[in-house]
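Trainee: Okay, here's the prediction I keep looking at, along with the sequence it came from:
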Amino acid sequence: MAEIINVNRISKNYERKIALSSLSFTVEKGELVALIGPSGAGKTTLLNMLGAIFPPDQGEIVISGKQIAEMTDQKKRAKKIGMIRQQFDLVGELPVIHNVLAGRLSDWGVMKSLVSLLIPQDKDYATAALDRVGLKDKLYERTSKLSGGEQQRVALARLLVQSPEIVLADEPVASLDPARAEDVLELLVNIASEEKQTLIASLHSVEYARKYFDRLIALKNGELFFDLPSSSVSDDHIKRLYSLKEHS
Amino acid sequence: MERNWMSFELHKRKILSLILGLAFAASLFSVEWNSELIHNGGLTTAKQIGLAFFTPDLSGEILILALESSWTTLSYAAAGMSLALIIAFFFGVAASGVMVSGEKNKRLIKPFFRSQLGFMRAIHELVWAWLFVASIGLSPFAAIFALAIPYGGILGRIFADMLEDVPQEPIRALEAAGASKLQALWYGYLPMVRASITSYAMYRFECAVRSSAIMSFVGIGGLGYQIQLSLDDLHYDEVWTFVFFLIILVILIDAWSNQLRKRLIQ
Amino acid sequence: MKKRKLNFVTASVYALILLAAGSWLSIFTVENANLSTLFSQSNLMYASKFFNGLFGIGEENPAFFNAESWGNAWALTMETLVMSIMATGFATICALLTVVPAARNVADGSLTLVKKWHGRISFGFIRGGYIFSRAVPELVWAMIIIFIFKPGILPGAIALALHNFGILGKLCAEVIEDLDSRPIRNLASSGAGRVQILLYGVLPAALPRFLTYILYRWEVIMRTTIVVGFVGAGGLGQQFKLSMSFFHYTDITLLLFFYLILVFAADFISEKARYFIK
């Protein structure tokens, strides 16, 4: 398999606090990676830098052989990298169909996006994607009226329409109740492997991470704590990762 | 599916926007758009007024006059607001119905006082001013009363709304502890609405300064009066001086009330 | 910190009380106003004459029993209505055209993650314009505008629009500043361009509150139409002033009646419309 992400000694500081220090790893195409670690370990910072929301202070990120700093065209980048966060990523006032079709905006010109608000364009994409996440009947519902789990499925449908090669998920199920959380996570992982996407997700729950992902990258205090296939992560690893003693 | 896309629920905002847009477009047809709309030489006047904006009259005499008129305007506004607050307090408490017990009494009293407040604020302060001048003659009191009535109306309405929205649990606790209606008002309702009513009153004070400035129109002194006199004499540079003083006055009060609001609501 | 907070608030309260006291003092002393003269014999007579006039007591042909006056007042009412709609429209268009760069989070790039070198400058410039436009009362705008335009509803609409442009602009800019930035940033990361972000992220979230503010300003504008009319900017106000000058007090009653109907109707329609889009 080919290498798709190469993170080379990146660092990031906020004010005086170190968020990430000299972190390196590579991810191969099609891998399912979970980021775990106590809160404040730098998971969100890492994902934001992978998603080009902001650049690292030092070091470089290379995606498919190209420096991320050089991928300035937002529309092309959207074909490469897609993001999903907690459920607040959708425009609540819009009907579901527009939120899903927003994944097509990188392909559309201004005129087509304007017309689509009046008469939805490329509707088949939206129907197919919503069918896949099990929300076919909610096509014309106002998004804010859906439950948290349903909203997260809509966000997944948008990612399906956008169909990037890499999916970055920042605590995708943090605000859902356990039953819904597992449903959505399973859906996320299944879609990624069916679409042959590379998935990097940060998670609170180690249990889910071990259950659904191939590889676990653990961060602690901005540093790599371990990077192992999920089958070889032991309970002892986890205990040490979340213990407070080594903190100081 | 297609039928569903046409569902009314999804398009209410677009429909309202469309209606408002059409109403505006229709209103444009009521004016005959030709050069008759503008005075002969109106454009020249416009140019003069525009140029005078950059060269306001800053001679000492005018500045002193402007300062004096600013104080007149401010003092009418402050006096009017102090009366308005008294009106708002009594009518607001009455219209909120927090002082009466029994659903039946409330249903009688609230609409009565609310409609009075509605009447007070429905008529613009300048119309009130005119009515007062016509009946009690040119006096600062005409301006003050004219400000106090509509501002009392709007403040009273907001005050009543706030009192009604006060959470009931602390009030019931007070009443259970043996507080009378008046004590519940004093120790329960008023402390809970104090911050929001103060910041709203400050915002209205800013409006009152602007309203007080235009009281000049019925012949009562202040910045607006000076603006009008200068306009009549075609001294556009003086006009802008007075306008700038008014703007500064409004900005100062706006800044003050913003600071106060920031500290009150947190 | 807490102490300073308290101090500012208490100081402000004292300053306000002082200001009110000083104002009353200067009104009583410097301007020599006297409450007792208010209720002098002659004033009472004027007042009673005026109010009798309003109710048409002793009037041979009060306006409100005259079909022609009713027709006339009705035409003026329609004119006033048109003026208020036109004014709201002008103000809305100007405010919407300028509102995006006037939002702080757009200017500093925190909303769309795009920072432009002129962001700060256009922000300051437009916000300055808003302050200027709303600090000047409608009537003063009307006084100035009437020097350029001939009397009619257009100068009235322009004067009302000039004042409300600043208010609407400020309110709408604050709506954009309060928007949840997360959905908008996510649109940006899924490849939406600037205009697309505006269409899909900003507009749907801000539109309901924009509409609410526009309707609310329309209510206020309706109340103020009569005032700009005083200086010759058309509508009920212009006739009100003429009738005042000719002491046609029963006309005034009729005009005030129509004015109140307009104001209450505007309040009613706007409240229903705001409820409609909830």
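Mentor: Done, it's in.
Trainee: and C:Asn52, how many residues sit next to it?
Mentor: The tally of other residues near C:Asn52 (other C-beta atoms under 10 Å in any protein chain shown) stands at 13. (Each C-beta comes from the backbone N, C-alpha and C, glycine too.)
Trainee: same check, this time on A:Gly40
Mentor: By other C-beta under 10 Å, the burial measure for A:Gly40, its neighbour count, is 14.
Trainee: isn't A:Lys79 right up against A:Gly103?
Mentor: No - checked against C-beta atoms under 8 Å, the pair A:Lys79 and A:Gly103 is beyond contact range at 10.6 Å.
Trainee: quick one: low-confidence parts of chain A?
Mentor: A:1, A:87, A:245-248 (pLDDT under 70).
Trainee: Residues of it that sit close to chain B?
Mentor: By C-beta under 8 Å from any C-beta of the partner chain, the residues of chain A that approach chain B are A:Pro95, A:Ile97, A:Pro120, A:Thr127, A:Leu139, A:Tyr140, A:Arg142.
Trainee: Contacts only, for B:Pro167.
Mentor: B:Met192 (C-beta atoms under 8 Å, 6 or more residues apart in numbering or on different chains).
Trainee: do you know how far it is from chain C?
Mentor: 23 Å (C-beta to the nearest C-beta, to the nearest Å).
Trainee: Tell me where chain A has strands.
Mentor: A:3-14, A:17-28, A:32-36, A:58-63, A:66-67, A:81-84, A:166-170, A:198-202, A:215-220, A:223-229 (DSSP state E).
Trainee: got the angle between the second one and strand A:3-14?
Mentor: By that I understand strand A:17-28. With axes from the mean of the first three to the mean of the last three C-alpha atoms, to 10 degrees as the basis, strand A:17-28 and strand A:3-14 are set at 180 degrees to each other.
Trainee: Can you say which of the strands of chain A is nearest to B:Gly224?
Mentor: strand A:3-14 (53.2 Å; C-beta to C-beta).
Trainee: Nearest to chain B: which residue in chain A?
Mentor: The minimum distance from chain A to chain B, using C-beta to the nearest C-beta, falls at A:Tyr140 (4.5 Å).
Trainee: quick one: is the helix or strand containing C:Arg274 near chain A?
Mentor: If you go by DSSP states H and E, C:Arg274 is part of helix C:249-276. No - counting by C-beta under 8 Å from any C-beta, chain A has no neighbours in helix C:249-276; the shortest distance is 15.2 Å.
Trainee: Can you list the buried residues in that helix?
Mentor: C:249-256, C:258-259, C:262-263, C:266-267, C:270, C:273-274 (16 or more other C-beta atoms under 10 Å in any protein chain shown).
Trainee: sorry, back to before: taking the residues of chain A next to chain B, please make a PyMOL selection of just the buried ones.
Mentor: Listed next is the PyMOL selection for buried residues among the residues of chain A next to chain B, using 16+ other C-beta under 10 Å:
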select buried, chain A and resi 95+97+120+127+139+140
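Trainee: Now for the residues of chain A next to chain B: which two are most distant?
Mentor: Every pair of the residues of chain A next to chain B checked by C-beta to C-beta; the farthest is A:Thr127 and A:Arg142, at 17.8 Å.
Trainee: quick one: pLDDT of C:Glu219?
Mentor: The score at C:Glu219 is 90. That number is its pLDDT.
Trainee: ok, it touching C:Asp267?
Mentor: Yes - look at C:Glu219 against C:Asp267 with C-beta under 8 Å: they come within range, at 5.5 Å.
Trainee: Rounded mean pLDDT for stretch B:236-252, please.
Mentor: 90.
Trainee: Help me see whether it makes contact with chain C, please.
Mentor: Yes - applying C-beta under 8 Å from any C-beta, one finds stretch B:236-252 touching chain C at B:Val239, B:Val243, B:Leu246, B:Ile247, B:Val250, B:Ile251.
Trainee: got the phi/psi numbers for the spatially most central residue of chain B?
Mentor: Compute the mean C-alpha point of chain B, and by C-alpha atoms, centre = their mean the closest residue is B:Cys207, 4.5 Å away. Note on B:Cys207: its backbone torsions stand at phi -60, psi -40 [degrees, to the nearest 10].
Trainee: how about the helices of chain B, start to end?
Mentor: B:2-5, B:8-28, B:42-54, B:60-96, B:103-122, B:125-136, B:140-165, B:168-176, B:181-184, B:190-214, B:223-232, B:236-264 (DSSP state H).
Trainee: Same question for chain A.
Mentor: So, for chain A - with DSSP H - the helices run A:43-50, A:74-80, A:96-101, A:110-118, A:123-132, A:148-162, A:178-194, A:206-212, A:235-242.
Trainee: Can I get stretch A:191-209 in CSV? Just the C-alpha atoms.
Mentor: Taking C-alpha atoms only, stretch A:191-209 is exported to CSV below (Å, rounded to 0.1, in the frame of the first residue of the first chain):
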residue,chain,number,x,y,z
ILE,A,191,-18.1,3.8,4.8
ALA,A,192,-14.4,4.6,5.0
SER,A,193,-13.4,1.0,4.3
GLU,A,194,-16.0,0.5,1.5
GLU,A,195,-15.0,3.7,-0.2
LYS,A,196,-11.3,2.8,0.3
GLN,A,197,-10.8,6.0,2.2
THR,A,198,-8.1,6.7,4.8
LEU,A,199,-9.7,7.5,8.1
ILE,A,200,-8.1,9.3,11.1
ALA,A,201,-10.5,9.7,14.0
SER,A,202,-9.9,11.1,17.5
LEU,A,203,-11.9,9.3,20.2
HIS,A,204,-12.6,9.5,23.9
SER,A,205,-13.4,5.8,24.1
VAL,A,206,-10.5,3.4,23.9
GLU,A,207,-13.0,0.6,23.8
TYR,A,208,-14.5,1.8,20.5
ALA,A,209,-11.0,2.6,19.2
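Trainee: If you count neighbours, what's buried in it?
Mentor: A:191-192, A:197-206, A:208-209.
Trainee: ok, is stretch C:154-166 in contact with chain B or not?
Mentor: Yes - Stretch C:154-166 is in contact with chain B by C-beta under 8 Å from any C-beta, via C:Leu154.
Trainee: Am I right that C:Ile167 falls within a helix?
Mentor: Yes - C:Ile167 forms part of a helix when assessed by DSSP: H, G, I helix; E, B strand; the rest coil.
Trainee: What count of nearby residues applies to the nearest residue to it once chain neighbours are set aside?
Mentor: Of all residues not flanking C:Ile167 in the chain, C:Arg134 sits nearest, at 4.8 Å (C-beta to C-beta, 6 or more residues apart in numbering or on different chains). Here the number of neighbours of C:Arg134 (other C-beta under 10 Å) works out to 23.
Trainee: Quick check: the gap between C:Arg134 and chain A.
Mentor: 28 Å.
Trainee: Test for you: state the pLDDT assigned to that residue.
Mentor: 89.
Trainee: quick one: contacts for it?
Mentor: C:His163, C:Asn164, C:Phe165, C:Gly166, C:Ile167, C:Lys170.
Trainee: cutoff 10 Å now
Mentor: B:206, B:210, B:247, B:250, B:254, C:162-170 (C-beta atoms under 10 Å, 6 or more residues apart in numbering or on different chains).
Trainee: quick one on the thing from earlier: could you dump the helices of chain B to CSV with distance to A:Ala19?
Mentor: Compiled in CSV, the helices of chain B are given as follows (distance: least, C-beta to C-beta, whole Å):
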stretch, distance to A:Ala19
helix B:2-5, 45
helix B:8-28, 41
helix B:42-54, 51
helix B:60-96, 52
helix B:103-122, 55
helix B:125-136, 57
helix B:140-165, 43
helix B:168-176, 44
helix B:181-184, 52
helix B:190-214, 38
helix B:223-232, 55
helix B:236-264, 31
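Trainee: Go through the ones you listed and name the closest to chain A.
Mentor: Nearest to chain A, of those and by C-beta to the nearest C-beta, is helix B:2-5 at 4.5 Å.
Trainee: quick one on the thing from earlier: comparing the helices of chain B, which yields the minimum mean pLDDT?
Mentor: helix B:2-5 (a mean of 56).
Trainee: need the contact list for the residue nearest to the centre of chain B.
Mentor: Contacts of B:Cys207 by C-beta under 10 Å, 6+ apart are B:Ala77, B:Met81, B:Glu125, B:Leu147, B:Tyr151, B:Ile154, B:Val250, B:Ile253, C:Pro137, C:Val220.
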